[in-house]
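In: pasted the sequence and its predicted model underneath.
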Amino acid sequence: MLDFLFHLRFWLVVCVAVGVLTGALVQYRPAKGGPARWLIWTALAFCAGAVAAALGALQGAAGVFLESALAFYATFLIGAAVGALGSGGSLAAHEGWALGLIPAGLIWWGATLFAQPAYQAELQRRVTALAAAANVDASGVGVSGRDVTAPAAIAQNPALMSQIASAPGVRRVIAAAAPIATAAIQPATPSTPTTQEPPAEPSPRTAESPGDPRAILAALPSGALDAAECQRALDAVAVVDRVEFREGSAAITRQAAEALDKAVALIRRCPDVTIEVRGHADDDNEALSVRRAQAVARYLRREGLGGRRVVVAGHGAHRARTAKAELDARAKFRTIDYAIQ
């Protein structure tokens with residue numbers, strides 16, 4: 001945690017400066033005395049967020065957003081107190097400090113857009129360096145926020161897992177599910193009639209059938225994926241961990257963010273390809289489907305996928321119905337899927 005805060009030092013210093021100016025320039029007491037209402041409610045929210053952060057209630061990028069928000073809130077209040085006392089004022093004259101929360105919030109938002117993705121990329125480099133020092137293939141390592149997803153090659157090395165867990169900035173290490181042998185998921189061969197017929201030529205549609213999405217994800221090889229494997233994996237994760245939007249909305253919900261984190265871990269294992277994010281809507285609203293695709297693309301870039309080209313496309317509900325027929329797994333159309341170009 002301290003390493004993460006050190007990475008945000010520039011943004012935190014700016015937030016302290018905003019707090020100092022606010023405390024020095026805006027000084028008046030609450031009308032009824034005692035703590036101001038805004039301070040009471042924000043302090044309660046801070047305590048609840050601190051408990052959630054301590055318990056690890058939020059994972060991935062959401063957990064980092066919470067931790068940084070707590071740090072910026074505390075930093076602002078410390079700066080405001082210093083500014084008030086340094087200018088000869090009183091801590092009781094804090095009613096107007098709420099005005100400083102607006103620029104402080106904008107500074108925090110800037111840190112989430114610029115500093116946090118850079119820190120996530122730094123964690124990726126640290127984990128890769130540790131794996132290389134242990135002569136272990138680091139392909140497939142995923143970093144979301146301060147959480148590291150370790151592929152089978154790393155998860156099978158307890159010493160390396162311990163080193164990664166104790167690396168500066170790493171909050172937790174999650175071992176990826178081990179691949180299941182392909183033979184274990186093959187259906188039993190049905191009995192054939194006595195009359196033998198020449199085998200039918202398999203149709204292209206049968207050859208492209210996605211099959212059971214969970215089985216596809218479980219049978220993925222460790223390490224990097226080629227373009228075809230990446231497309232199958234993204235098709236499967238779009239079904240198993242479906243990104244759903246509220247009706248008429250393009251906002252990324254907490255559940256959607258958790259689902260996108262699963263897709264991010266897969267995309268990191270793909271070669272340098274173009275990822276097309278295809279948005280859908282349940283009312284043939286192409287503009288809404290484009291906004292949903294753009295929201296997902298922004299999330300992917302914040303997760304450190306800037307090195308891969310991400311494009312967006314909106315298809316209303318028509319293409320979603322096609323995908324439903326092909327994958328047999330979409331009951332709603334308020335979602336997105338992916339295509340490798």
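Out: Good, I have the coordinates.

In: quickly find the element holding V264.
Out: In this structure, V264 is located in helix 254-267 according to DSSP states H and E.

In: before we move on, what about V277?
Out: Here V277 is covered by strand 275-279, with elements defined by DSSP H and E.

In: can you check what angle separates the next helix or strand after that strand from helix 254-267?
Out: Heading C-terminal from strand 275-279, the first helix or strand you meet, by DSSP H and E, is helix 286-302. With axes from the mean of the first three to the mean of the last three Cα atoms, to 10 degrees applied, the angle from helix 286-302 to helix 254-267 works out at 60 degrees.

In: run the chain-centre distance for the next helix or strand after helix 286-302.
Out: Next helix or strand after helix 286-302 toward the C-terminus (DSSP H and E): strand 310-314. Here the centre of strand 310-314 is set off from its chain's centre by 18 Å, with Cα atoms, centre = their mean, to the nearest Å.

In: direction included, what does strand 310-314 pair against?
Out: strand 275-279 (parallel) (DSSP bridges).

In: let's test this: mean pLDDT of the partner strand, rounded?
Out: For strand 275-279, mean pLDDT rounds to 80.

In: for that strand, output the C-alpha coordinates as PDB.
Out: This file holds the C-alpha atoms of strand 275-279, laid out as PDB (Å, rounded to 0.1, in the frame of the first residue of the first chain):
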ATOM      1  CA  ILE A 275      -9.500  -5.900 -30.300                       C
ATOM      2  CA  GLU A 276     -12.900  -4.800 -31.600                       C
ATOM      3  CA  VAL A 277     -15.400  -4.200 -28.800                       C
ATOM      4  CA  ARG A 278     -18.900  -4.700 -30.200                       C
ATOM      5  CA  GLY A 279     -21.700  -3.000 -28.300                       C
END
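
In: report all helices and strands that the helix holding V264 contacts.
Out: Of the remaining helices and strands, those touching helix 254-267 by 3 or more Cβ pairs under 8 Å, 6 or more residues apart in numbering; DSSP states H and E are helix 60-86, strand 142-144, helix 227-240, helix 286-302. For every residue, glycine as well, the C-beta is placed using N, CA and C.

In: can you put the ones you listed in a markdown table and add mean pLDDT?
Out: Rendered in a markdown table, the data for the helices and strands packed on helix 254-267 read as follows (pLDDT from 0 to 100):
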| stretch | mean pLDDT |
| --- | --- |
| helix 60-86 | 91 |
| strand 142-144 | 76 |
| helix 227-240 | 84 |
| helix 286-302 | 80 |
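
In: low-confidence ranges, this protein, go.
Out: Counting by pLDDT under 70, the chain has low-confidence residues at 139-140, 176-211, 271-272, 282-285, 305-309, 314-334, 341.

In: one more time with 90
Out: By pLDDT under 90, the low-scoring segments of the chain are 1-9, 26-36, 53-65, 87-96, 110-341.

In: for burial, what's the neighbour tally of A54?
Out: Counted with other Cβ atoms under 10 Å, the burial measure for A54 works out to 8 neighbours.

In: any idea how far it is from Y299?
Out: 26 Å (Cβ to Cβ, to the nearest Å).

In: tell me the centre residue of the chain?
Out: The C-alpha lying nearest the average C-alpha coordinate of the chain belongs to D261 (Cα atoms, centre = their mean; 4.1 Å).
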